[in-house]
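Sequence and predicted structure are below.
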Amino acid sequence: MLEEDYDVVIIGSGVGGGAVAQQLAGTTLKVLVLERGPMLPRESQNWDPESVFCDRRYHTEETWYADGRAFNPGMFYFVGGHTKFFGTAMFRFRERDFEATELEEGTSPAWPIRYADLELWYAQAERLFGVRGQSGLDPTEPPRSGAYAHGPIPHEPVIEDIESRLRAQGLQPFPMPSAVDFGPLGTCRRCENCDAFPCMVDAKGDAEIKLLRPALRPGNVKLCHSAKVERLVTDWSGRRVISASVLHEGKLFNVRARTFVLSAGAINSAALLLRSGGAKFPRGLANSSDVVGRHYMTHNTTALMAIHPTRKNTTRFPKTLAVHDFYWGTPQSPEPLGSLQLLGKIREPMLRGALRGVPKPVLSAIADRSVDWYAQSEDLPHPDSRVSLTSSGAINLHWHRTNLGTHHRWVRKCKQILQRAGFPIVLAKSFGTDVVSHQCGTVRFGDDPKTSALDPMCKAWDHDNLYVVDGSFFPSSAAVNPALTIAAQALRVGHHLRTKVLQ
């Protein structure tokens with residue numbers, strides 16, 4: 001398979017790569033998807049919190065660095081990418097997220113495209129992923145060409161009571177859009193092993209199940225897993241990528257194609273471009289603008305445990321509610337703050353993995369009585385927030401934190417909201433550099449090749465046949481989960497390749 005020539009080679013099988021493959025499936029094009037990780041095994045440990053959180057069974061064993069400090073990142077290398085473990089949240093960006101917005105510490109830049117350019121692709125992505133939701137309730141919801149194809153996942157009793165308490169405060173909570181195969185004919189068992197777990201019954205709408213498996217059926221798209229791309233190779237002019245050097249089963253292959261689509265994730269895509277430099281490209285491929293690896297973003301996020309000392313939370317699948325009342329601020333306080341959404345149910349082993357040394361009975365008592373939330377604010381792009389390589393070629397992250405004052409105010413506001421909802425104790429835990437979920441911004445697209453690496457269709461300005469389609473193209477992070485926006489743009493790019501470039 002690796003010794004053949006292809007029309008398109010896609011590097012990465014997550015949301016971006018999977019959506020491009022979906023658009024090219026069933027054509028006369030010969031397409032190869034390269035995934036560095038294996039198929040995720042279906043085993044009892046999939047749903048074992050001890051294995052997933054304490055033993056970190058599925059995390060990569062790679063060592064990365066944060067300004068010289070070695071750490072083991074929260075990365076997962078499997079077919080389907082990070083969506084094998086994601087929490088199923090599928091938000092559209094708000095219409096204003098595509099426009100320049102002034103925040104306390106600077107400007108969240110405008111995108112080279114607008115919401116209207118992605119709306120139909122958002123709708124297609126929601127259908128492909130089987131997103132369940134209800135339009136008309138989110139106060140910041142952008143215009144839609146139609147309603148969700150599937151209604152929202154119903155609240156369990158504890159969450160239903162919280163929703164009424166939030167409404168009593170004058171808030172407008174709404175059903176969280178979620179990619180779960182729920183319903184009379186669905187495979188979802190409404191279990192407690194969803195957010196951050198792989199799904200043993202294929203009920204989670206991940207990139208492998210919803211994009212890649214269907215793309216493989218017509219036969220023109222092939223998958224080679226456990227195949228790590230070491231570098232990209234250009235022709236003598238440097239304008240075209242002619243091959244990818246791939247390490248597979250201990251051997252190095254040069255895989256040739258007419259077009260390459262890089263979808264390895266914002267950190268690894270930037271790292272691969274940097275590694276692929278040489279005498280002609282000393283700063284790496286696609287990097288005449290010197291932005292590759294820069295402007296790294298991953299949201300400012302805090303987990304909140306709302307605890308009632310005398311009431312246990314019996315909810316098994318809690319990810320059904322979100323609050324956006326303060327996303328753009330209020331007339332009285334116009335500062336954009338962020339989003340608040342429910343997390344999957346936190347259990348004792350999850351706390352033990354993060355709070356070592358605390359007695360198990362204490363952790364169990366806390367977990368049994370908590371309703372768990374995720375407060376999220378925008379992380380501004382900064383040129384010094386970057387992915388770089390050490391002298392040995394390892395990844396080094398320097399996260400220049402921004403917008404933290406706003407995020408701290410949002411966390412305080414969330415605590416007040418939850419306390420008024422009847423939870424006198426609210427514990428908070430912020431996430432740092434080691435958590436690389438929602439990574440974006442490192443190979444940004446734009447209208448100007450001097451300040452961006454990619455054009456508005458995600459083609460590298462410097463190369464005629466290289467596209468980068470994952471969270472790395474984001475010029476800003478907004479304050480909602482990025483998966484659906486990656487999917488929408490990837491479907492748009494895949495359609496462009498199929499109809500305009502490779503026909």
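Thanks, I have it. Numbers count the residues shown, from 1 in each chain.

and stretch 98-113, average pLDDT?
The pLDDT scores in stretch 98-113 average 95.

Show me the contact partners of it.
114-115, 335-336, 378, 380-381, 402-403, 405-406, 445-447, 452, 455-456, 475-476, 478 (CB atoms under 8 Å, 6 or more residues apart in numbering). Heads up, the C-betas are built off the backbone N, CA and C, glycines and all.

Just the buried residues of that stretch, please?
Using 16 or more other CB atoms under 10 Å as the test for burial, stretch 98-113 gives 98, 101, 103, 108, 109, 110, 111, 112.

out of the residues you listed, who's nearest residue 356?
residue 103 (35.5 Å; CB to CB).

by contact count, what packs against the helix or strand harbouring residue 228?
Under the criterion of DSSP states H and E, residue 228 resides in strand 227-234. Here strand 227-234 touches strand 241-248, strand 251-262, helix 266-275, going by 3 or more CB pairs under 8 Å, 6 or more residues apart in numbering; DSSP states H and E.

Would you mind finding the longest helix in this protein?
helix 404-420 (DSSP state H).

Show me what it is in contact with.
103-105, 165-166, 169, 171, 300, 302, 304, 306, 323, 326, 335-338, 340, 371, 373, 375, 377-378, 426, 428, 430.

Take the residues you listed and, keeping just the buried ones, write it as a ChimeraX select command.
Only the buried entries of these go into this ChimeraX selection, using 16+ other CB under 10 Å:
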select :103,165,166,171,300,302,304,306,323,326,336,337,338,340,371,373,375,377,378,426
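
Restricted to helices, list the contacts of helix 404-420.
165, 166.

picking that back up, just the buried members of the contacts of stretch 98-113?
Buried members of the contacts of stretch 98-113, scored by 16+ other CB under 10 Å, are 115, 336, 378, 380-381, 402-403, 406, 445-446, 452, 455-456, 475-476, 478.

Look at the closest residue in space to residue 47 that isn't next to it in sequence and say how many residues are nearby.
Nearest residue to residue 47, sequence neighbours excluded (CB to CB, 6 or more residues apart in numbering): residue 193, at 4.0 Å. Here the number of neighbours of residue 193 (other CB atoms under 10 Å) works out to 22.

Can you give me the pLDDT of residue 193?
At residue 193, pLDDT is 93.

for it, what are its contacts?
Per CB under 8 Å, 6+ apart, neighbours of residue 193: 46, 47, 49, 199, 200.

Could I get the average pLDDT for the longest helix of the chain?
97.

quick one: residue 228 and residue 249 touch, right?
No: if you go by CB atoms under 8 Å, residue 228 and residue 249 don't touch, sitting 10.8 Å apart.

Tell me which of these two has more neighbours.
Ranked by neighbour count (other CB under 10 Å), residue 228 and residue 249 place residue 228 first, with 17 against 8.

ok, for that one, nearest residue in space, not its chain neighbours?
Nearest non-adjacent residue to residue 228, counting by CB to CB, 6+ apart: residue 36, 4.1 Å away.

what's the answer for residue 492, then?
residue 121 (4.8 Å).

so how many other residues sit close to that neighbour?
Neighbourhood size, residue 121 [other CB under 10 Å]: 21.

so it touches residue 491, yeah?
Yes: at 4.7 Å, residue 121 counts as touching residue 491 under the criterion of CB under 8 Å.

For stretch 318-329, measure first residue to last.
26 Å (CA to CA, to the nearest Å).

same check, this time on stretch 135-145
Stretch 135-145: ends 11 Å apart by CA to CA.

That one: which residues count as buried?
138, 140, 141, 142.

So which residues make contact with the helix-or-strand element of the chain with minimal mean pLDDT?
Using mean pLDDT, DSSP states H and E, helix 348-354 stands out as the lowest-scoring helix or strand of the chain, at a mean of 84. Residues from elsewhere that reach helix 348-354 (CB under 8 Å, 6+ apart): 49-50, 53-54, 56, 196, 358, 360, 363-364, 366-367, 429.

Need the CA coordinates for that helix. CSV is fine.
The C-alpha trace of helix 348-354 is given here as CSV (Å, rounded to 0.1, in the frame of the first residue of the first chain):
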residue,chain,number,x,y,z
GLU,A,348,-13.3,8.8,42.5
PRO,A,349,-10.5,7.3,40.3
MET,A,350,-10.6,10.5,38.1
LEU,A,351,-10.0,12.6,41.1
ARG,A,352,-7.3,10.3,42.4
GLY,A,353,-5.4,10.6,39.2
ALA,A,354,-5.3,14.4,39.7
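
Packing partners of the helix or strand following it?
Using DSSP H and E, the helix or strand that follows helix 348-354 towards the C-terminus is helix 360-368. Here helix 360-368 touches helix 348-354, going by 3+ CB pairs under 8 Å, 6+ apart.

Could you look up the SS state of residue 277?
coil (DSSP: H, G, I helix; E, B strand; the rest coil).

What mean pLDDT does the helix or strand containing residue 491 get?
For residue 491, the enclosing helix or strand under DSSP H and E is helix 483-496. The average pLDDT for helix 483-496 rounds to 98.

quick one: that helix to helix 266-275, angle?
If you take axes from the mean of the first three to the mean of the last three CA atoms, to 10 degrees, helix 483-496 sits at 50 degrees to helix 266-275.

Just the ones in helices from the buried ones among the contacts of stretch 98-113, please.
Using DSSP H, the buried ones among the contacts of stretch 98-113 in helices are 115, 406.

what helices or strands is the one helix or strand residue 8 maps to leaning on?
Assigned by DSSP H and E, residue 8 falls within strand 5-11. Judged by 3+ CB pairs under 8 Å, 6+ apart, the packing partners of strand 5-11 are helix 15-24, strand 31-34, strand 251-262.

Most tightly packed of the ones you listed?
helix 15-24 (a mean of 30; mean count of other CB atoms under 10 Å).

Check the contact between residue 342 and residue 313; I expect there is one.
No: the pair residue 342 / residue 313 is not scored as a contact, 11.1 Å apart, by CB under 8 Å.

Find the residues that touch each one of those two.
residue 371.

When these two are compared, which one has more neighbours?
residue 342 (26 against 21).

quick one, phi psi at the more buried one?
Residue 342 adopts backbone torsions of phi -70, psi 140, taken as degrees, to the nearest 10.

Could you measure from it over to residue 458?
32 Å (CB to CB, to the nearest Å).

still on that earlier bit, so which one of the contacts of helix 348-354 is the model least confident about?
Within the contacts of helix 348-354, lowest confidence goes to residue 358 (86).

And stretch 96-116, end to end?
Counting by CA to CA, you get 11 Å between the two ends of stretch 96-116.

residue contacts, residue 436?
Counted by CB under 8 Å, 6+ apart, residue 436 has contacts 73, 74, 75, 267, 298, 397.

So which of those are in helices?
Counting by DSSP H, the contacts of residue 436 contribute residue 267 to helices.

still on that earlier bit, a helix runs through the residue nearest to residue 492, doesn't it?
Yes: assessed with three-state DSSP, residue 121 lies in a helix.

Now that we're looking at it, what pLDDT does it have?
Looking at residue 121, its pLDDT reads 98.

now the residue of the chain most remote from its centre: how far from residue 423?
Using CA atoms, centre = their mean, the residue of the chain lying farthest from its centre is residue 310. It sits 36.2 Å away. Distance of residue 310 to residue 423, computed by CB to CB: 11 Å.

same deal with residue 253?
Following CB to CB, the distance that separates residue 253 from residue 423 is 56 Å.
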